[in-house]
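Peer 1: need a 3D model of the following:
(2 chains)
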Number of protein chains: 2
Amino acid sequence: MSNWISVKEARQGSSAGKSVEIRGWVRTRRDSKGGFSFIEVNDGSSMGNLQIVAPGELANYADEIQKLTTGCSVVITGELQESPAKGQDTELHADAVRVLGWADPETYPLQKKRHSFEKLREWAHLRTRTNTLGAVMRVRDQISQSIHQFFHENGFFYTHTPIITASDCEGAGEMFRVTSLDLEMLAQKGGPVKYEYDFFDKPTFLTVSGQLEAETYATSLGRVYTFGPTFRAENSNTSRHLAEFWMVEPEAAFFDLADDMKLAEDFLKQIFTDCLNKCGEDMAFFDKMIEKGKLDQIKAVIEKPFQHMTYTDAITVLEKASKKFDYPIAWGTDLQAEHERYLTEEHVGGPLILTDYPSSIKPFYMRVSDDGKTVAAMDVLVPGVGEIIGGSQREERLDVLQRRMAEADLNEEDYWWYIDLRKYGTVPHAGFGLGLERAVQYVTGMSNIRDVIPFPRTPGNADF
Amino acid sequence: MSNWISVKEARQGSSAGKSVEIRGWVRTRRDSKGGFSFIEVNDGSSMGNLQIVAPGELANYADEIQKLTTGCSVVITGELQESPAKGQDTELHADAVRVLGWADPETYPLQKKRHSFEKLREWAHLRTRTNTLGAVMRVRDQISQSIHQFFHENGFFYTHTPIITASDCEGAGEMFRVTSLDLEMLAQKGGPVKYEYDFFDKPTFLTVSGQLEAETYATSLGRVYTFGPTFRAENSNTSRHLAEFWMVEPEAAFFDLADDMKLAEDFLKQIFTDCLNKCGEDMAFFDKMIEKGKLDQIKAVIEKPFQHMTYTDAITVLEKASKKFDYPIAWGTDLQAEHERYLTEEHVGGPLILTDYPSSIKPFYMRVSDDGKTVAAMDVLVPGVGEIIGGSQREERLDVLQRRMAEADLNEEDYWWYIDLRKYGTVPHAGFGLGLERAVQYVTGMSNIRDVIPFPRTPGNADF
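Peer 2: Predicted coordinates for the structure are as follows:
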């Protein structure tokens, strides 16, 4: 029977005195003049390493232990003792160090030397062996767990809306094509595309949102949420865009805009609270190494109610601002990132929910307000990131929906099932979308979105 | 302040005496001779409906309440009382019934009459308003939640491996193409495909498995799992195949085959236990209406240790079996569904883990055993479904992996990053894959896989 425990568990003061086995990878080795070595070992379970004290008496001390370098894999048995050193509660006094795999320091890319995040992207298969990327992915996991927990505790069912779709949601374009046709043969033969030979007998795409399908489930199961990959074939080579990213989309029957905003605020606060409580060591690292003051910023967000402002008021604020913007400001135009960030960072100094956008700049499914000019939409803006959540109450009135679809030049036949929801037992309902990567960026302070997803997909890049 | 509560909560005996608001959809209405009506209302939160007693004195009794039909949406306020009727703890005595949306009985497809599951697939946007499909999707949600909980509690990090990929995992073919090229234009212009104009500058596909990428994270974070959509462009029009389905793939560093099998068994038992404990009403429904004896079957599975058998022993059992099989049996050939089901259903009468398959029929990444002929693979078979989990210890020895890749005619350059894991601090590791839909089928007894996923994708079908 093995007494294998994780580095995370071994580092707890309560583990002192135990005989244990540790399995992991060497971060550093330092030989002491006293004839023994300190080995820092990490197994991914936590940011911090376990310090191993390997005595010179071990049989393989000269042949193996003194040759250990960064990246080697080891299995170590010994007794955990209280550590006299600062910054760690325990250390492992080894009675055996077994080397499983070497990592040739001549070729292993991750030496002690610090690499740029850009360089690390070339080694995306190894980069989680570094402190920063390991911490990012543990926080990403925690946020994902919190998402499931939050919605489950609030009576939402997890729903898998389709990835391959024949409809294009908002008529937004910029979608990837999915096909089983042989492109080379297609190009060679010429002539029209014969969809009867394609897998689905018609053109199909990768989804840009599961919202419309989620609405069908909200109007039967009551409260649902999606959490899955979404796609944009947008040729944006920026630090804010990915071609493939993960999105969370709750949708709730009998919710109006006020319910929706409350849900979004409670949701974000729960995620942030969980990150602070459950990823303390990782969060302290981000606060120190990536964005100073991050912890205080998040705590302030959790404590205070989110500010609210209508789009119309926001336009007034922006018009009066002494700051010069690159893009013009006028009622009826979309807010740009610079506007959103001014509002949340400089005007409010915290999260801000903007509401009641002009209907002309919002999709057909958002509910038209009594003024006839605006829709019951809301965007949540946070400092450092800008828009993190976008949502709305949905149009539940059949005639209004049909009019809005006509205005948007959408074909009712393509949306027959969506329209059915308004024909048969229609109800007010609302929902929103959160980009997981934006949330991870906000929590960690990481500035490039490519560093908060395992294997980023961007123009020209589908490696690994 | 609204006192809105869910039907699920309202049905609990402890809710009797409360003044509440209920929002949901009418399942049935029955007018009593006493001058009042019984209305069964459901809001998706549970299988069971809440019975509403609507007195004839209500202002809209004749004009609206007596016209309510299946599918209408309503908001009802009143007092919950203990119910004298059998099969329900409470009923709601209404003081107001507000109709939100009608459902014309002439055109609404879901009348009281029972429809075939096949017919219901045509109304996939409405079918979760039926008892069976609603229960299926609640159980699917529960299994998904259990998956996250189980792995999180066991130290596994949720990892999002890429959906769009330029590599094809096992060289298995049958993958969907992803492109931003205009197929019509491609066909029209003819000539070679110019990938420099495609989004990723090269041919890309939809993933068939996240395993190889998950291995990169297991060898840094220690224990990880994926849970996301996977794809097969396989032209199989059967009740067992989908072109798009959800897969769970744990991968753990320092795990051998025995650890992997224990993980799989613990995992399945936890999922099954959670379904019994948390979806009692839905499970009772399946036991009664879909597959009699399901509850006892699942309880037996939870209580007993899974049986183990090597592939070689399984061949002997099959050769000796009195049953006639359609496919021949010989050491070195793949087992067919009929063989697997014989072994688990008739020979063992419960879950069975088959191990040590011939290396010739398994992918290059499975660890070669000392006999040189078999690999450290395991498949978990369950009655009624057959294979539900497939996994293995992975080949961690660089030279053996390279030999196996050469035998499989794979190009090492395409897998440079996968090979790197064996060059730098290689460790034994193992993992498996569970098809979510197979698990839902097993738990619910639903015989067609198209009825356990919201919007099934199959040859010729990408509707909704």
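Peer 1: what's the neighbour count on residue A:66?
Peer 2: By the criterion of other C-beta atoms under 10 Å in any protein chain shown, residue A:66 has 13 neighbours. Any C-beta I mention is one placed from the backbone N, CA and C, and that applies to glycine too.
Peer 1: spatially nearest residue to the closest residue to chain B within the stretch 251-400 of chain A, not counting backbone neighbours?
Peer 2: Nearest residue of the stretch 251-400 of chain A to chain B (C-beta to the nearest C-beta) works out as residue A:254 at 4.4 Å. Leaving aside its sequence neighbours, residue A:254 sits nearest to residue B:23 (C-beta to C-beta, 6 or more residues apart in numbering or on different chains; 4.4 Å).
Peer 1: next, give phi and psi for that neighbour.
Peer 2: Taking degrees, to the nearest 10, you get phi -130, psi 130 for the backbone angles of residue B:23.
Peer 1: just to check, it is in contact with residue A:427?
Peer 2: Yes: judged on C-beta atoms under 8 Å, residue B:23 makes contact with residue A:427 at a distance of 7.4 Å.
Peer 1: name the secondary structure element that contains residue A:120.
Peer 2: Residue A:120 is part of helix A:117-121 when elements are defined by DSSP states H and E.
Peer 1: mind checking how far the helix or strand containing residue A:100 is from the chain centre?
Peer 2: For residue A:100, the element it lies in under DSSP H and E is strand A:90-101. Centroid separation for strand A:90-101 versus its chain: 36 Å, with C-alpha atoms, centre = their mean, to the nearest Å.
Peer 1: dump that strand to PDB, restricted to CA.
Peer 2: Output in PDB follows, covering the C-alpha atoms of strand A:90-101 (Å, rounded to 0.1, in the frame of the first residue of the first chain):
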ATOM      1  CA  THR A  90       7.100  21.300   6.400                       C
ATOM      2  CA  GLU A  91      10.000  19.700   4.600                       C
ATOM      3  CA  LEU A  92      10.600  16.100   3.600                       C
ATOM      4  CA  HIS A  93      13.700  14.200   4.900                       C
ATOM      5  CA  ALA A  94      14.200  11.700   2.200                       C
ATOM      6  CA  ASP A  95      15.200   8.100   2.800                       C
ATOM      7  CA  ALA A  96      15.000   7.300  -0.900                       C
ATOM      8  CA  VAL A  97      15.000   9.300  -4.100                       C
ATOM      9  CA  ARG A  98      14.100   7.400  -7.200                       C
ATOM     10  CA  VAL A  99      14.600   9.100 -10.600                       C
ATOM     11  CA  LEU A 100      11.900   8.200 -13.100                       C
ATOM     12  CA  GLY A 101      12.800  10.500 -16.000                       C
END
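Peer 1: pLDDT on that strand, on average?
Peer 2: The pLDDT scores in strand A:90-101 average 98.
Peer 1: which parts of the stretch 351-464 of chain A sit against chain B?
Peer 2: Residues of the stretch 351-464 of chain A lying close to chain B by C-beta under 8 Å from any C-beta of the partner chain are A:396, A:417-418, A:420-428, A:453-455, A:457, A:459-464.
Peer 1: may I see the ChimeraX selection of the buried members of those?
Peer 2: A single ChimeraX command is used to select the members of those judged buried by 16 or more other C-beta atoms under 10 Å in any protein chain shown:
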select /A:396,417,418,420,421,422,423,424,425,426,427,428,453,454,455,457,459,461,462,463,464
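Peer 1: domain parsing for chain A?
Peer 2: A:7-101, A:129-173+A:208-451 (the TED database).
Peer 1: remind me which residues of the stretch 101-250 of chain A are low pLDDT?
Peer 2: Scanning the stretch 101-250 of chain A for pLDDT under 70 picks out A:112, A:168-173.
Peer 1: which residues in it form strands?
Peer 2: Remark: strands assigned in the stretch 101-250 of chain A by DSSP state E, counting those that start in this stretch are A:157-158, A:164-165, A:177-179, A:204-206, A:223-231, A:244-253.
Peer 1: format the ones you listed as a markdown table; extra columns: mean neighbour count.
Peer 2: Shown next, in a markdown table, are the strands of the stretch 101-250 of chain A (neighbours: other C-beta atoms under 10 Å in any protein chain shown):
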| stretch | mean neighbour count |
| --- | --- |
| strand A:157-158 | 23 |
| strand A:164-165 | 22 |
| strand A:177-179 | 24 |
| strand A:204-206 | 24 |
| strand A:223-231 | 25 |
| strand A:244-253 | 25 |
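Peer 1: hmm, back to that, for the strand holding residue A:100, packing partners?
Peer 2: Judged by 3 or more C-beta pairs under 8 Å, 6 or more residues apart in numbering or on different chains; DSSP states H and E, the packing partners of strand A:90-101 are strand A:50-55, strand A:73-82.
Peer 1: sorry, back to before: can you put the strands of the stretch 101-250 of chain A in a markdown table and add distance to residue A:55?
Peer 2: Shown next, in a markdown table, are the strands of the stretch 101-250 of chain A (distance: least, C-beta to C-beta, whole Å):
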| stretch | distance to residue A:55 |
| --- | --- |
| strand A:157-158 | 52 |
| strand A:164-165 | 59 |
| strand A:177-179 | 60 |
| strand A:204-206 | 57 |
| strand A:223-231 | 50 |
| strand A:244-253 | 47 |
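Peer 1: those strands: which one's closest to residue B:441?
Peer 2: strand A:157-158 (17.6 Å; C-beta to C-beta).
Peer 1: against which helices or strands is that closest one packed?
Peer 2: helix A:131-153, strand A:223-231, helix B:131-153.
Peer 1: relative to that strand, what are the paired strands and their orientations?
Peer 2: Using DSSP bridges, the strands paired with strand A:157-158 are strand A:223-231 (parallel).
Peer 1: kindly export the partner strand (C-alpha atoms) in CSV.
Peer 2: Extracted C-alpha coordinates of strand A:223-231, given in CSV (Å, rounded to 0.1, in the frame of the first residue of the first chain):
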residue,chain,number,x,y,z
ARG,A,223,-33.6,27.5,-15.6
VAL,A,224,-30.7,26.3,-17.6
TYR,A,225,-27.2,27.2,-18.5
THR,A,226,-24.8,26.3,-21.2
PHE,A,227,-21.0,26.1,-20.7
GLY,A,228,-19.1,25.1,-23.7
PRO,A,229,-16.9,26.2,-26.6
THR,A,230,-18.0,28.9,-29.0
PHE,A,231,-16.3,30.1,-32.2
